[in-house]
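>>> predicted coordinates and the sequence they were generated for:
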Amino acid sequence: MMVRHPVLTIAGSDSSGGAGVQADLKTITMLGGYGMSAITALTAQNTVSVRGIHAVPADFLRQQIEAVCDDILPLAVKIGMVYDVPQIHVIAQAIRKYQLHHVVVDPVMVATSGDALLKEQAQTALQEELMPLAELITPNLPEAQRLTGLKITSPIQMEQAAAELSTQYETAILLKGGHCNGVCNDLLYVFGECIWIPGQHLETKNTHGTGCTLSSAIAVFLAQGFPMTDSVRRAKNYITHAIQAGLSLGHGHGPIAHNYALQEQ
């Protein structure tokens, strides 16, 4: 019998297919999981910009999550774009109701194009209600700066910010260093320990959906039983190869090649 580890992504839909739920489901499938989704918003976007956002009513988001969890309980949950406060209430309630494990929160606030994806007033709810329920939070440097109020431009400052976030939310933190002075080293802060995950800086503009992909990949590996550090390393390896594959689509920040392994065959 084929074994597939069910993973639920709670995130927005990207009509151009490079980020959000579409990127998550591609990633989960390519890494051997069984992808399920609860959509928080429909976005009209491409590699250049976000043209519109249509938020899903919170009650319907609740119905989506309950329909999944009542039938196929996920072994891990990735949470990406959440647009408003009522949605955050619903997600937090569901995590508690179903006692969901391996919750990975990617605090999506701004798209690669620079467009806002989180209502300003929702940030507080995100920090107070969702982040404390996470096993791992995966902010990039701009998001970490927004969450901590700290300026982060060096490895030492990354360690300070990760430690502060970990203490505040009592969870592991993966601080993504792709915005830090041309390097791409990520910092995993777990159980009071700083673990640096080295990365190769790749000269490309095609990075649409990298944060979504990384967080969903980590969720898959956690669902498959790998420990946190190993899950992060494996996910980092997957996304590095997906960027290296050199997929070039669109006129802006293009998507990455989630199916790079198939292309290599």
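Everything's here; your move.
>>> show me the helices in this structure, by range?
Applying DSSP state H to the chain gives helices spanning 20-30, 58-69, 85-97, 122-125, 141-148, 155-169, 210-223, 228-244, 260-264.
>>> the shortest one - contacts with which helices or strands?
Helices and strands touching helix 122-125, as assessed by 3 or more C-beta pairs under 8 Å, 6 or more residues apart in numbering; DSSP states H and E, comprise helix 85-97. Bear in mind the C-beta positions are built from the backbone N, C-alpha and C, glycine included.
>>> now swap in the fifth one and tell me
If contacts are counted by 3+ C-beta pairs under 8 Å, 6+ apart, helix 141-148 sits against helix 155-169.
>>> off-centre distance for the helix it packs on?
18 Å (C-alpha atoms, centre = their mean, to the nearest Å).
>>> need the contact partners of it.
127, 131-132, 134, 137, 139, 141, 144-145, 147-148, 150-152, 172-173, 175, 177, 180, 185, 187, 189-190, 192, 194, 196 (C-beta atoms under 8 Å, 6 or more residues apart in numbering).
>>> can you tell me, leaving aside adjacent residues, what's nearest to Asp186?
Leaving aside its chain neighbours, Asp186 sits nearest to Ile197 (4.4 Å; criterion: C-beta to C-beta, 6 or more residues apart in numbering).
>>> typed the wrong thing, it's His208
Gly18 is the one closest to His208 (C-beta to C-beta, 6+ apart), at 4.0 Å.
>>> circling back to that earlier point, of the helices of the chain, which is nearest Val48?
helix 20-30 (15.8 Å; C-beta to C-beta).
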